[in-house]
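> Kindly return the folded structure for what I paste below:
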Amino acid sequence: MTDRLINFTLNGEAVSATVKPYHNLIDLLSQFDLRGARESCGQGLCGCCTVIMDGEAVSGCLSFAVRADGKSLSTIEYLEQDGELSAIQKAFIDTGALQCGFCTSGFILMTKELLKRNPNPTDEEIRDYLSGNLCRCGTYPEVIEAVKAAARSQ
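Prediction:
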């Protein structure tokens, strides 16, 4: 199989990478030592691999890396600016909405997308929007509180 050179924007910086046709976004991000999006289920069911591509959340385990060519990717690592955590990241810490942390990056990125679309969601809207994210530690009540706290801080 032929490798392919792709050019894209990663967390605000123009970059390029060589990928194989079967590489997914998680494989691509690992080339840049970005490990916040994690492959867990490999089926797009858990949200651990969430990446923002051109403003839309995608499953990094299901999206081929070549799709990133010419696009803009944002990862959890982009939310921290100048050593300062984002309001959403702080809210997740303050409310205890993370335990092992494996699923946290996906929840935080989806929360960012939710609050961009709906700055004051109800509990039901939060549950619905985040329904594609799974937490094996069961911190769902804390996640809802984190989203509400992040909404209040914006």
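
> tell me the contacts of the closest residue to Glu113 other than its chain neighbours?
Spatially, and ignoring its direct neighbours in sequence, Glu113 is nearest to Ala57 (5.3 Å; C-beta to C-beta, 6 or more residues apart in numbering). C-beta: built from backbone N, CA, C; applies to glycine. Shown in contact with Ala57 (C-beta atoms under 8 Å, 6 or more residues apart in numbering): Thr50, Val51, Leu109, Met110, Glu113.

> Okay, and which of those map to strands?
Among these, the ones falling in strands (DSSP state E) are Thr50, Val51.

> Are any of the contacts of Ala57 buried, and if so which?
Thr50, Val51, Leu109, Met110, Glu113 (16 or more other C-beta atoms under 10 Å).

> could you redo those residues as JSON lines and give each row distance to Ser74 and pLDDT?
Below are those laid out as JSON lines (distance: C-beta to C-beta, whole Å; pLDDT from 0 to 100):
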{"residue": "Thr50", "distance to Ser74": "10", "pLDDT": "96"}
{"residue": "Val51", "distance to Ser74": "7", "pLDDT": "96"}
{"residue": "Leu109", "distance to Ser74": "8", "pLDDT": "96"}
{"residue": "Met110", "distance to Ser74": "12", "pLDDT": "96"}
{"residue": "Glu113", "distance to Ser74": "10", "pLDDT": "95"}
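
> picking that back up, a markdown table please, covering the contacts of Ala57 and showing distance to Cys135.
Formatted as a markdown table, those follow (distance: C-beta to C-beta, whole Å):
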| residue | distance to Cys135 |
| --- | --- |
| Thr50 | 13 |
| Val51 | 18 |
| Leu109 | 14 |
| Met110 | 12 |
| Glu113 | 17 |
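
> Now name the helix or strand holding Ile6.
Per DSSP states H and E, Ile6 falls inside strand 4-10.

> Check which strands are paired with that strand and give the direction for each one.
strand 13-19 (antiparallel), strand 72-74 (parallel) (DSSP bridges).

> List the buried residues of stretch 140-154.
Tyr140, Glu142, Val143, Ile144, Glu145, Ala146, Val147, Lys148, Ala149, Ala150, Ala151.

> before we move on, what about stretch 22-37?
Within stretch 22-37, the residues scored as buried using 16+ other C-beta under 10 Å are His23, Asn24, Leu25, Ile26, Asp27, Leu28, Leu29, Leu34, Gly36, Ala37.
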